[in-house]
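> Pasting a predicted model and its sequence here:
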Amino acid sequence: MNNITLVGRAGRDPEVRYFESGTNVCNLTIAVNRRKKDEDPDWFNLEIWGKTAEVAANYVRKGGLIGVTGSMHQEKWTDRGTGEEKTKWIVRVDRLDLLGSKRDLVDGDGGQAAPTAAAPASPTAPASNQSEWNSGPVSQEKVPF
């Protein structure tokens with residue numbers, strides 16, 4: 001089974017690309033703290049498609065607390081300059097939950113806080129995940145923002 005659930009803070013504002021087919025994809029990173037406070041956070045690359053990508057683009061900002069459920073995928077490519085084989089692990093997000101306060105959710109113009117929103121749940125993701133994700137504080141000591 002390839003299933004991953006993460007809760008952390010966005011490492012940068014989302015980058016959205018639109019394709020001629022009408023599909024869109026959003027890429028961003030998430031920093032997830034370790035249990036020990038003296039350890040650096042783990043960083044994950046996120047790939048979000050479709051309507052969930054629109055939610056991320058409209059509401060997620062650098063430093064915002066989010067929860068994601070998805071699956072791990074390994075991308076492989078050949079470096080054009082060196083011809084070297086490269087790989088990168090990404091999380092393809094099926095579900096996105098906005099966990100920060102309304103103060104953290106700001107519209108694109110820097111105006112008033114937007115309402116809390118989450119993308120529709122995938123058939124395999126239980127709706128009760130959000131209460132589990134909000135069960136404890138998230139330390140921000142090692143997150144660089």
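The structure has been received and is ready for your questions. Being a predicted model, the structure only gives us computed values, none of them experimental.
> helices and strands around the one helix or strand Lys51 maps to, which ones?
Using DSSP states H and E, Lys51 sits in helix 50-59. Here helix 50-59 touches strand 15-18, strand 24-32, strand 85-98, going by 3 or more CB pairs under 8 Å, 6 or more residues apart in numbering; DSSP states H and E. C-beta here means a position set from N, CA and C on the backbone, and glycine is covered the same way.
> go with 7 Å
Applying 3 or more CB pairs under 7 Å, 6 or more residues apart in numbering; DSSP states H and E, one finds that helix 50-59 contacts strand 24-32, strand 85-98.
> In it, which residues are buried?
Using 16 or more other CB atoms under 10 Å as the test for burial, helix 50-59 gives Thr52, Ala53, Glu54, Val55, Ala56, Ala57, Tyr59.
> Pull the number of nearby residues for Glu84.
When neighbours are defined as other CB atoms under 10 Å, Glu84 has 9 of them.
> and if you look at Trp43?
Around Trp43 there are 12 residues (other CB under 10 Å).
> Which strands or helices does the strand or helix carrying it pack on?
Following DSSP H and E, one finds Trp43 within strand 42-49. For strand 42-49, the packing partners by 3+ CB pairs under 7 Å, 6+ apart come out as strand 24-32, strand 85-98.
> With mean neighbour count, distance to Thr5 and mean pLDDT as extra columns, can I get those strands in a markdown table?
What follows is these, written out as a markdown table (neighbours: other CB atoms under 10 Å; distance: least, CB to CB, whole Å; pLDDT from 0 to 100):
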| stretch | mean neighbour count | distance to Thr5 | mean pLDDT |
| --- | --- | --- | --- |
| strand 24-32 | 19 | 10 | 96 |
| strand 85-98 | 17 | 9 | 96 |
